[in-house]
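Student: I need the structure of the sequence given here:
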Amino acid sequence: MSGAAKGDTVEVHYTGRLEDGTVFDSSEKRGAITFELGKKQMIPGFERAVEGMEPGESKTTTIPAADAYGPRLPQLTFTMPREQLPGDFQAEAGQMLRMQYRDGREMNVMVTEVREDAILMDGNHPLAGRDLTFDIELVKIG
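Tutor: Predicted coordinates for the structure are as follows:
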């Protein structure tokens, strides 16, 4: 039997942790995930960690931010003046919103602060700039 390679459909269980040990995601309760290696369906470092693994094999790997969700980009944080928002809009810190550019592209943002005159938002992925540690178990190939 050979290890998982690009083009293979794999099924894995995983638990993702932050530097302080906090679990941010796990397949434990939902069941294993299935994806095709090399199709960029997962973050690059995760795909590379699975490559070469054999069914039944487990490993722990730390993926640097650059191979996960990338660095935090200051240009993705911005302030939206209240007068540019609908009058009945009620925002709360931590709230996720979907915004649309004039050209039709969409971006997910998180409300980071609510002020009387403006709302501060962050378009970075919540895990951007973070090194991530994963416990990975390859369940099957194929």
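Student: any residues touching the worst-scoring helix or strand of the chain on mean pLDDT, and which ones?
Tutor: Here the helix or strand of the chain ranked lowest by mean pLDDT, DSSP states H and E is strand 96-100, holding a mean of 89. Contact partners of strand 96-100, identified using Cβ atoms under 8 Å, 6 or more residues apart in numbering, comprise Ala91, Glu106, Met107, Asn108, Val109, Met110, Val111, Met121, Gly123. For glycine as for every other residue, the C-beta is placed from the backbone atoms N, C-alpha and C.
Student: Just put those in TSV and tack on neighbour count.
Tutor: Shown next, in TSV, are the contacts of strand 96-100 (neighbours: other Cβ atoms under 10 Å):
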residue	neighbour count
Ala91	17
Glu106	8
Met107	12
Asn108	13
Val109	20
Met110	17
Val111	17
Met121	20
Gly123	16
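Student: and stretch 6-16, which residues are buried?
Tutor: For stretch 6-16, the buried set under the neighbour-count rule, 16 or more other Cβ atoms under 10 Å, comprises Asp8, Val10, Glu11, Val12, His13, Tyr14, Thr15, Gly16.
Student: Surely the fourth one is within a strand?
Tutor: Yes: secondary structure of Val12, determined by DSSP: H, G, I helix; E, B strand; the rest coil: located in a strand.
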